[in-house]
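Engineer: With the input below, show me the fold.
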Amino acid sequence: MRTPTYGEVEAAAARIAGVVRPLTIAPMGRQSEDEQAAGSLRPSTETGGAEIFLGLEFLQHTGSFKARGAANLMAELIETATMPDAGIVSATGANADIGFAWAARVFDVRATVFLAGATPRAKIARLRALGAEVRLAGETQDHARESAHEFMASTGAIDAYTYDDNLTSAGAGTILLEFVDAVAGLDTIVLAVGAGGMFSGIAAVADHFGIRVVGTEPDGSRALNAALAAGAVLDVDVDSIAADSLGAPRVSAAALAWAKATDVRSVVVDDAAIIRARRQLWERHRLVVEHGSATGLAALATRAYQPRDGERIGVVLCGANTDPSDLVD
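Structural biologist: Take a look at the predicted model:
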């Protein structure tokens, strides 16, 4: 059985209702063929072309979709009385740390985050403001993870990131449930892919409703694309401007299983296209997102994915934990 299932995503939606922010949808309008060919993301009054809807998930608590999966995990552990007194540990060095810290505060759970000594002070301050205990351990995030494992072994705390991928993935899948409720006749959902947690949850919902999934990755971080080509999960080199959020060296087995079994298109775009898409979101729509978050729109702008006339496309803008200073000349 492919996981998560549609039923598990539905259960997650009920579990986190009222805890996470509802998805905000921003219609972009239709894109003419000329605009698509020119790499433009400007809404058009043409009758042809695809109609694009932006899902502003970066408005979520913590600035990324990670809040959904983290809330689903916490709620399930509390409901089943399996949350240890020592609480949870996170040591990803990425957005997931912030998501777990936020969810731990909401559910009154102890959270300990292990980070490399060189972690930016702003991130450390944000985690502490959310109530997490931050421990700096070693020069690299790998060193920090080693310290986290020692802490878990001695205290019984659980690793929130790996404890149950299915719960966090199902939480992320609720994004598409809300998209479907808001946009009638949605044909396609476009999203950036990292390790594949959000992808798997969304694929489960897409399969249920007969919606095409377009998984987009930087060409310097193409774990899903490479796994599909090889027919198996494998490690890839990571070298992309979007590596801070899409820098997974391998995709999950669940993501690969969903990609093989459903109407999925795997496409890649270069860093230059990602940078342009992110800047266009700011200059034309005053939306500030991470480079990884702009990857889906880059796929449409470059025609890495070429929609048909009249296609109704949802694009998930999944995170905005970024420094916006490079968007202002």
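
Engineer: From here on, just use CA atoms for contacts and neighbour counts.
Structural biologist: OK.

Engineer: in terms of contact, does R68 touch I16 like I think?
Structural biologist: Yes - taking contacts as Cα atoms under 8 Å, R68 lies within contact range of I16: 7.3 Å.

Engineer: Which neighbours do those two have in common?
Structural biologist: Common contacts of R68 and I16, defined by Cα atoms under 8 Å, 6 or more residues apart in numbering, comprise G171.

Engineer: Tell me the confidence at T45?
Structural biologist: We note a pLDDT of 31 for T45 in this prediction.

Engineer: A206 now?
Structural biologist: The model reports A206 with a pLDDT of 97.

Engineer: these two touch, right, D309 and D187?
Structural biologist: No - assessed by Cα under 8 Å, D309 is found out of contact with D187, at 11.5 Å.

Engineer: Could you check which of the two has the larger neighbour count?
Structural biologist: When D309 and D187 are compared for neighbours, D187 comes out ahead with 18 against 15, by other Cα atoms under 10 Å.

Engineer: pLDDT weak spots in the protein?
Structural biologist: For the chain, the stretches flagged by pLDDT under 70 are 1, 29-48, 329.

Engineer: Let me see the ranges of the strands in it.
Structural biologist: 25-31, 50-55, 88-90, 111-115, 133-136, 158-159, 188-192, 212-218, 264-269, 312-316 (DSSP state E).

Engineer: Looking at R68 and I16, which one has more neighbours?
Structural biologist: Applying other Cα under 10 Å to R68 and I16 shows that R68 carries more neighbours, namely 31 against 22.

Engineer: what's near enough to touch that one?
Structural biologist: R68 makes contact with 16, 20, 168, 171-172, 174 under the criterion Cα under 8 Å, 6+ apart.

Engineer: one more time with 6 Å, if that's ok
Structural biologist: By Cα atoms under 6 Å, 6 or more residues apart in numbering, R68 lies in contact with 171-172.

Engineer: same deal with A70?
Structural biologist: A70 makes contacts with 100, 103, 168, as judged by Cα under 6 Å, 6+ apart.

Engineer: Can you measure across stretch 226-246, start residue to end residue?
Structural biologist: End-to-end distance of stretch 226-246 (Cα to Cα, to the nearest Å): 14 Å.

Engineer: Now for the closest residue to F58 other than its chain neighbours, how many residues are close by?
Structural biologist: Leaving aside its chain neighbours, F58 sits nearest to G319 (4.2 Å; criterion: Cα to Cα, 6 or more residues apart in numbering). Residues lying near G319 (other Cα under 10 Å) number 25.

Engineer: Looking at strand pairing, list the partners for G319.
Structural biologist: G319 forms beta bridges with S64, as assigned by DSSP bridges.

Engineer: re the thing from before, quick one: which of the strands of the chain is nearest V236?
Structural biologist: Ranking the strands of the chain by proximity to V236 (Cα to Cα) places strand 212-218 first, at 11.9 Å.

Engineer: And the closest one, what's buried?
Structural biologist: Across strand 212-218, burial judged by 16 or more other Cα atoms under 10 Å covers 212-218.

Engineer: Can you report how many residues neighbour the closest residue to R21 other than its chain neighbours?
Structural biologist: Of all residues beyond its chain neighbours, the one nearest R21 is Q60 (5.7 Å), with distances taken as Cα to Cα, 6+ apart. Residues lying near Q60 (other Cα under 10 Å) number 21.

Engineer: Now do the phi/psi pair for Q60.
Structural biologist: Q60 has phi and psi values of phi -60, psi 160 when expressed as degrees, to the nearest 10.

Engineer: Let me know how buried D97 is, in neighbour terms.
Structural biologist: 27.

Engineer: again, but for the one 4 residues further on
Structural biologist: Number of residues near A101 (other Cα under 10 Å) recorded here: 30.

Engineer: So it versus D159, what's the distance?
Structural biologist: Taking Cα to Cα, one finds A101 at 12 Å from D159.

Engineer: again, but for T262
Structural biologist: Going from T262 to D159 by Cα to Cα gives 30 Å.

Engineer: Noted, bye for now.
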